[in-house]
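*Asks:* Any chance you could fold what I've pasted below:
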Amino acid sequence: MFIIDAHLDLSMNAMEWNRDLRLPINEIRARENGLTDKPDRGRGVVSLPELRKGNIGLVVATQIARFVAPDNPLPGWHSPEQAWAQTQGQLAWYQAMEEAEEMVAISDLYSLEHHLAIWNDGTPNDNKPVGYILSLEGADSIVDTYYLQWAYEYGLRAIGPAHYGPGRYAQGTDATGIMTPQGHALLKEMERLNIILDATHLCDDSFWDALDHFNGHVWASHNNCRALVDHNRQFSDDQIKELIARGAVIGGALDAWMMVPGWERGVSDPKAMECSLEVMVDHLDHICQLAGNALHIGIGSDLDGAFGKEQCPYNLETIADLQTVPALLEKRGYSAADIENVMHGNWLRFLRNAWKSE
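*Replies:* Prediction:
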C-alpha cells in the first residue's frame, strides 16, 4: 500500500549525522561502527532505498535550525542569520538529491498528482524518486517575516512555529507562554502565502493563541496523545478536538518516549517497555474515538529524529516496516477504506483541499 509519512528529518540526518541516505541502511549503519557522538549511531532506520522498499513515496521533509538566546541552555545557533544559513545548507542537500533524481519536490496540486501517477503506475519502485513536501520545524531561522516570501518561492509549504523551549515566534515543548508579536505577524504572512501551520511542538499557551490568530490550513505532522502519555509534548483531548474541528490530520509518531509512559532516554528498552507499532495504533485509535471516524489520523513517524532502533518500536527494523501497520489496523476492526485513509488518503485529502486554489 502507498504510504505518506508526514515527518522525516532527512536533511538533518544527511548534514549533521553525515549519512549518505542513498545507501542501503546496513551500509549506513556499518559506516557508523565505533562512533559515539550521537546516541543512535549504527542504529538508524531511514534511507531512501528503505523508503522505496516500504512503498513510502511521499514524505514531509524538514529543515530545522534553532536560535538560542544567551540564557537558553538548549543547543542551537547564536543568531537567526546563522540558523537561516543552516537551513539553506539543508535545502541545498534536497536540491542535490533532486539533481541526482533520488527525490522530487512536491509543492502544488499538479506536482502532487503527477507524482502519485508515477508511484501508482504498477511498475517497481526501485528507481522512482521519493517525493518531499518541504516543512520548517521551528521558525527561529526565519530572520524576518519577509524571508517567508523567499522560502515559499524555494518550496516551503508548512511551518511549525516552535520546537523545544522558548522561540522567537512561539513557545515550544517544555516552555510556556503565548506567541510573540512577531509570531502573530508570521501567522498572518503564512496565511497570505497559504503555508500550512504545523501545530506540533507548540506549548499549550501558544497552541491556543496560534489557532486564535490563524485562519489557514492546520495539521499536526507528528504528535501523540496526552491521555496515554502524560507530557506537554502530547496533545490533550481538548486540543485534539479543536484540531478535528479545524479539519486537521494528526500524524502518529514513533519516538518511544512519546508512545509509552515512563520512558527514560538512554535507559529504557523498547521490548521491556512493550513499545511496539501496536502502541502507535493505540494513539491513533484514541484520536478516532474522539473524532467518531478515521478521517483525522495518519503517519508522521519522526523516525531517525535524533534516535534510532534504541528508541523506536521493537518490531520495526527499518521504516519499510510501516507496511505492517495496515494489518494492525485491520485487526482493530478498521475497514479497508479507513486503512487507506490512514496510510495516505487523509493526507492527500488535506493537501488537495489546501492547494486547490493555487
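
*Asks:* how about stretch 127-144 as PDB, C-alpha atoms only?
*Replies:* Extracted in PDB, the C-alpha atoms of stretch 127-144 (Å, rounded to 0.1, in the frame of the first residue of the first chain):
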ATOM      1  CA  ASN A 127      14.400   3.800  -9.100                       C
ATOM      2  CA  LYS A 128      11.500   6.100  -8.500                       C
ATOM      3  CA  PRO A 129      12.200   9.500  -6.900                       C
ATOM      4  CA  VAL A 130      10.800   9.900  -3.400                       C
ATOM      5  CA  GLY A 131       8.500  13.000  -3.300                       C
ATOM      6  CA  TYR A 132       9.000  15.500  -0.500                       C
ATOM      7  CA  ILE A 133       7.000  18.400   0.800                       C
ATOM      8  CA  LEU A 134       9.300  20.900   2.500                       C
ATOM      9  CA  SER A 135       8.400  21.900   6.000                       C
ATOM     10  CA  LEU A 136      10.300  24.000   8.600                       C
ATOM     11  CA  GLU A 137      10.400  22.600  12.200                       C
ATOM     12  CA  GLY A 138      10.700  25.700  14.400                       C
ATOM     13  CA  ALA A 139      10.600  29.100  12.800                       C
ATOM     14  CA  ASP A 140      13.600  30.700  14.600                       C
ATOM     15  CA  SER A 141      15.600  30.700  11.300                       C
ATOM     16  CA  ILE A 142      13.100  33.000   9.600                       C
ATOM     17  CA  VAL A 143      15.100  36.200  10.200                       C
ATOM     18  CA  ASP A 144      12.200  38.400   9.500                       C
END
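
*Asks:* By neighbour count, which bits of that stretch are buried? Give me those.
*Replies:* The neighbour-count criterion (16 or more other C-beta atoms under 10 Å) identifies 128-143 as the buried residues of stretch 127-144. C-beta: built from backbone N, CA, C; applies to glycine.

*Asks:* wait, which of those is closest to residue 322?
*Replies:* Nearest to residue 322 out of the buried residues of stretch 127-144 is residue 130 (C-beta to C-beta; 13.6 Å).

*Asks:* Strands of the protein, start to end?
*Replies:* 3-8, 56-63, 103-105, 130-137, 156-160, 196-198, 218-219, 250-252, 297-299 (DSSP state E).

*Asks:* Could I get the ones you listed in TSV, plus columns for distance to residue 314 and mean pLDDT?
*Replies:* Output for the strands of the chain, formatted as TSV (distance: least, C-beta to C-beta, whole Å; pLDDT from 0 to 100):
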stretch	distance to residue 314	mean pLDDT
strand 3-8	19	98
strand 56-63	20	98
strand 103-105	30	98
strand 130-137	26	98
strand 156-160	28	98
strand 196-198	28	98
strand 218-219	28	98
strand 250-252	17	98
strand 297-299	18	98
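
*Asks:* Looking at the buried residues of stretch 127-144, spot the one nearest residue 78.
*Replies:* Nearest to residue 78 among those, counting by C-beta to C-beta, is residue 140 at 11.3 Å.

*Asks:* from what I can see that closest one touches residue 63, true?
*Replies:* No. Contact criterion C-beta atoms under 8 Å: residue 140 and residue 63 do not qualify, at 11.1 Å.

*Asks:* residues near residue 153, how many?
*Replies:* Residue 153: 10 surrounding residues under other C-beta atoms under 10 Å.

*Asks:* How much space separates residue 77 from residue 66?
*Replies:* Relative to residue 66, residue 77 is positioned 7 Å away (criterion: C-beta to C-beta, to the nearest Å).

*Asks:* Looking at those two, which is more packed in?
*Replies:* Of the pair residue 77 and residue 66, residue 66 is the one with more neighbours under other C-beta under 10 Å, namely 22 against 17.

*Asks:* Might you report the residue contacts of the nearest residue to that one once chain neighbours are set aside?
*Replies:* Spatial nearest neighbour of residue 66, chain neighbours left out: residue 76 (3.5 Å); criterion: C-beta to C-beta, 6 or more residues apart in numbering. Counting by C-beta atoms under 8 Å, 6 or more residues apart in numbering, residue 76 touches 65, 66, 67, 68, 83, 140.
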